[in-house]
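**Student:** Need a 3D model of the following:
(one chain, ligands or ions: 1)
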Amino acid sequence: MSKFVLRSATEQLCGVSHDEAHYLLNTQDQEKFFDRIGSEEGCRQLSQLFYDRVFADKGNPWFLQIFASSTKSEAVDNQYRFLVQLFGGPALYQQKKGKYTRLVGRHANYSVNLKAAQRWTEHMRLAIEDHTFLKHDEEAKDMLHKYFLYTAHYIVIASEYMRSDQLSGGTNVDTGRVW
Ligand code: HEM
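**Tutor:** Here you go, the predicted model:
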């Protein structure tokens, strides 16, 4: 399955294209998104706001259950490092987890289906709304929401098509992976 087929299937599912989801991250002459979101502190805040919501989602035990093997502080730290790296800051995620992000493979141990992607995205949408650095930056908020909406659905779609050896889930450090 080529990445273009996966992208097209994702767009059909969530209504956001790959380019729309990534436009602020891809444009060379844009102010670095990392500065707009408030650098490390802003990434930490987004991750904390998001996981505060996730771990308080007692009304949806089926969703909360997906996070049962994680602690909130560890989940916040992983997501924080990922965001810093994604938005153009230092490679903090790589320092902790190894060279490859493997977003799809890492989620293979969890029940990530369409319903979970929608719940996840809703928590993130509300976290973005509460973010103090992005308060007046509607463009950045819109792009962030689209990025997470797209990526959550991409994880669902791509999981179906990955070879089993690519779906070694879990949050351990990777050693010697070539993809
Ligand atoms: C589709 C719905 C999703 C569900 C149900 C889900 C669930 C989970 C769970 C249970 C973990 C383990 C928590 C931990 O201990 O770190 C995790 C980790 C993680 N998730 Fe998700 N996730 C989803 C979507 C996403 C999206 C859209 C992103 C990023 C754009 C993302 C990024 C990450 C990262 C970076 C980690 C840490 C992985 C590691 O370092 O091992 N997730 N996710």
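**Student:** Quick check: buried residues in whichever strand or helix holds Phe82?
**Tutor:** Here Phe82 sits within helix 72-86, counting by DSSP states H and E. Within helix 72-86, the residues that count as buried by 16 or more other CB atoms under 10 Å are 75-86. Every residue, glycine included, has its C-beta placed from N, CA and C.
**Student:** Stretch 80-99 close to the ligand?
**Tutor:** Yes. For stretch 80-99, a contact with the ligand is found by CB under 6 Å from any ligand atom, at 82, 97.
**Student:** hey, C-alpha coordinates of that stretch in CSV?
**Tutor:** Extracted in CSV, the C-alpha atoms of stretch 80-99 (Å, rounded to 0.1, in the frame of the first residue of the first chain):
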residue,chain,number,x,y,z
TYR,A,80,5.6,16.8,24.8
ARG,A,81,8.8,15.5,23.2
PHE,A,82,7.0,14.5,20.1
LEU,A,83,5.5,18.0,19.7
VAL,A,84,8.7,19.8,20.3
GLN,A,85,10.4,17.8,17.6
LEU,A,86,7.5,18.0,15.2
PHE,A,87,7.2,21.7,15.4
GLY,A,88,10.9,22.4,14.7
GLY,A,89,12.5,22.4,18.2
PRO,A,90,15.2,20.1,19.4
ALA,A,91,14.9,16.4,18.7
LEU,A,92,13.7,15.5,22.2
TYR,A,93,11.6,12.5,21.1
GLN,A,94,14.5,11.0,19.3
GLN,A,95,16.7,11.4,22.3
LYS,A,96,14.3,9.3,24.4
LYS,A,97,12.8,6.8,21.9
GLY,A,98,15.4,6.4,19.1
LYS,A,99,15.6,7.6,15.6
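**Student:** Distance from the chain centre to that stretch, please.
**Tutor:** 12 Å (CA atoms, centre = their mean, to the nearest Å).
**Student:** follow-up on the earlier one: and the contacts of the helix holding Phe82?
**Tutor:** Here helix 72-86 makes contact (CB atoms under 8 Å, 6 or more residues apart in numbering) with 25, 34, 37, 40, 43-44, 46-48, 50-52, 54-55, 67, 90-97, 101, 171.
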